[in-house]
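Engineer: I'd like to go over a predicted model; first the sequence, then the structure.
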Amino acid sequence: MTARLINSLNGLADYHVHTRFSMDSEADLVAICEAAVAKGLDEIAFTDHVDFGPVDPPTSFLPSTGYLTTIETCRARWGTRLTIRAGAEIGEPHLFPEKAARILSHGDFDFFIGSAHYGVSLDPSSGIEGLQPTWHSTYFEQPLDQAYEAYFQQILALAKTGDFDVLGHVDLIKRDAREFGHPYDGPEPYADLIRAALRAVVERGKGIEINTSPLARGQPEPCPSLDILRWYRELGGEILTLGSDAHRPEAVGTYFDVALEMARAAGFTRLARFERRQIKWTEI
Ligand SMILES: [Zn+2]
Ligand SMILES: [Zn+2]
């Protein structure tokens with residue numbers, strides 16, 4: 001842990017933040033900006049949920065309601081003290097490309113996370129009907145290794161064909177599993193799938209994030225774990241963002257000291273930021 005970061009997140013950017021424009025958050029955008037400035041962050045990206053899965057509520061509110069205008073209001077208020085990016089976390093963009101394109105093609109967004117929140121059925125005949133949300137306990141009624149493999153299959157498909165800037169929480173399945181009390185012994189049994197996904201990310205010029213939300217839930221490591229981050233680096237991965245996945249203002253930037261140390265340990269010397277989906281680098 002770096003001493004100078006204990007009291008300040010100076011120079012860092014939180015690129016995964018949810019607000020009241022997400023179904024699972026009531027966070028006020030102004031309160032989030034205040035928290036970010038108080039913690040020393042100099043940039044945040046709002047990344048509210050856009051989901052099309054079978055158990056998701058219809059989320060056509062982005063960008064048709066006041067999301068972008070509210071972000072504009074925040075920008076006017078915070079000026080140069082906090083750079084505020086407009087983003088979205090799109091669930092399974094590879095499975096719903098036409099719906100996702102309505103957001104992805106909107107010129108006023110800076111940044112998109114592509115995330116998998118569903119396992120894909122290992123039964124190829126079941127198609128999209130076989131999608132099961134990993135945040136439901138019923139997902140883990142199947143054998144655990146199958147549940148993990150099905151999730152990483154989804155990650156691979158997303159990495160190969162989804163439109164996004166950064167692939168979200170690569171091994172999120174461990175966070176969901178642990179929330180339900182299931183063991184997770186690391187990525188090694190699924191290394192071929194995960195490496196193939198990371199290779200696709202690199203070849204397509206996209207990135208991944210370090211998502212610190214498991215730490216905020218008392219779990220031992222962020223998403224991804226250090227070994228997956230190292231695999232990504234070994235495969236030539238360069239594009240990396242940090243995200244708290246905050247759904248409350250006080251959670252913005254949490255455990256970024258841990259994430260920064262991880263990034264450095266894996267060999268990263270800079271982090272990515274985005275403006276209108278173009279990368280801007282900051283040294284770490
Ligand atoms: Zn997510
Ligand atoms: Zn999220």
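Structural biologist: Looks like it arrived, so ask away. Numbers count the residues shown, from 1 in each chain. Ligands and ions are numbered 1, 2, ... in the order given.

Engineer: where does whichever residue of the stretch 51-200 of the chain sits closest to ligand 2 land in three-state SS?
Structural biologist: When scored by Cβ to the ion, the stretch 51-200 of the chain has residue 89 as its residue closest to ligand 2, at 4.7 Å. (Each C-beta comes from the backbone N, C-alpha and C, glycine too.) Under DSSP: H, G, I helix; E, B strand; the rest coil, residue 89 falls in the strand class.

Engineer: partner residues bridging it?
Structural biologist: residue 49, residue 113 (DSSP bridges).

Engineer: let me know whether it touches residue 111 as I believe.
Structural biologist: No - assessed by Cβ atoms under 8 Å, residue 89 is found out of contact with residue 111, at 9.7 Å.

Engineer: any shared contact partners between those two?
Structural biologist: residue 47 (Cβ atoms under 8 Å, 6 or more residues apart in numbering).

Engineer: still on that earlier bit, the residue of the stretch 51-200 of the chain closest to ligand 2: what's it in contact with?
Structural biologist: Residue 89 touches 16, 18, 47-50, 112-113, 115, 168, counting by Cβ under 8 Å, 6+ apart.

Engineer: can you redo those as JSON lines with distance to residue 139?
Structural biologist: Formatted as JSON lines, those follow (distance: Cβ to Cβ, whole Å):
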{"residue": "16", "distance to residue 139": "22"}
{"residue": "18", "distance to residue 139": "22"}
{"residue": "47", "distance to residue 139": "23"}
{"residue": "48", "distance to residue 139": "24"}
{"residue": "49", "distance to residue 139": "18"}
{"residue": "50", "distance to residue 139": "21"}
{"residue": "112", "distance to residue 139": "25"}
{"residue": "113", "distance to residue 139": "21"}
{"residue": "115", "distance to residue 139": "16"}
{"residue": "168", "distance to residue 139": "18"}
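
Engineer: now list the buried members of these.
Structural biologist: Buried residues within the contacts of residue 89, counting neighbours by 16 or more other Cβ atoms under 10 Å: 16, 18, 47-50, 112-113, 115, 168.

Engineer: closest to residue 151 out of these?
Structural biologist: Proximity of those to residue 151 (Cβ to Cβ) peaks at residue 115, which lies at 11.5 Å.

Engineer: now the residue nearest to the closest one when sequence neighbours are not counted: how far from residue 178?
Structural biologist: Leaving out its chain neighbours, the residue that sits closest to residue 115 by Cβ to Cβ, 6 or more residues apart in numbering is residue 168, at 3.6 Å. Distance, residue 168 to residue 178, by Cβ to Cβ, to the nearest Å: 18 Å.

Engineer: what's around the residue in the stretch 101-250 of the chain that ligand 2 sits nearest to, how many residues?
Structural biologist: Closest residue of the stretch 101-250 of the chain to ligand 2, Cβ to the ion: residue 245 (4.4 Å). Neighbour count of residue 245, defined by other Cβ atoms under 10 Å: 26.

Engineer: give me the pLDDT value at it.
Structural biologist: Among the per-residue scores, residue 245 shows a pLDDT of 98.

Engineer: what of residue 54?
Structural biologist: For residue 54, the predicted pLDDT is 83.

Engineer: ok, now which ones touch the residue most central in space within the chain?
Structural biologist: The residue lying closest to the centre of the chain (Cα atoms, centre = their mean) is residue 168, at 3.1 Å. Going by Cβ under 8 Å, 6+ apart, residue 168 touches 16, 89, 113-116, 209, 211, 243.

Engineer: follow-up on the earlier one: so which of the contacts of residue 89 comes closest to residue 153?
Structural biologist: Using Cβ to Cβ, residue 115 comes nearest to residue 153 of the contacts of residue 89, at 14.9 Å.

Engineer: how close does the closest one get to residue 188?
Structural biologist: The gap separating residue 115 from residue 188 is 23 Å, by Cβ to Cβ.

Engineer: swap in residue 142?
Structural biologist: In this structure, residue 142 and residue 188 are 20 Å apart, going by Cβ to Cβ.

Engineer: one more: residue 241?
Structural biologist: 25 Å.
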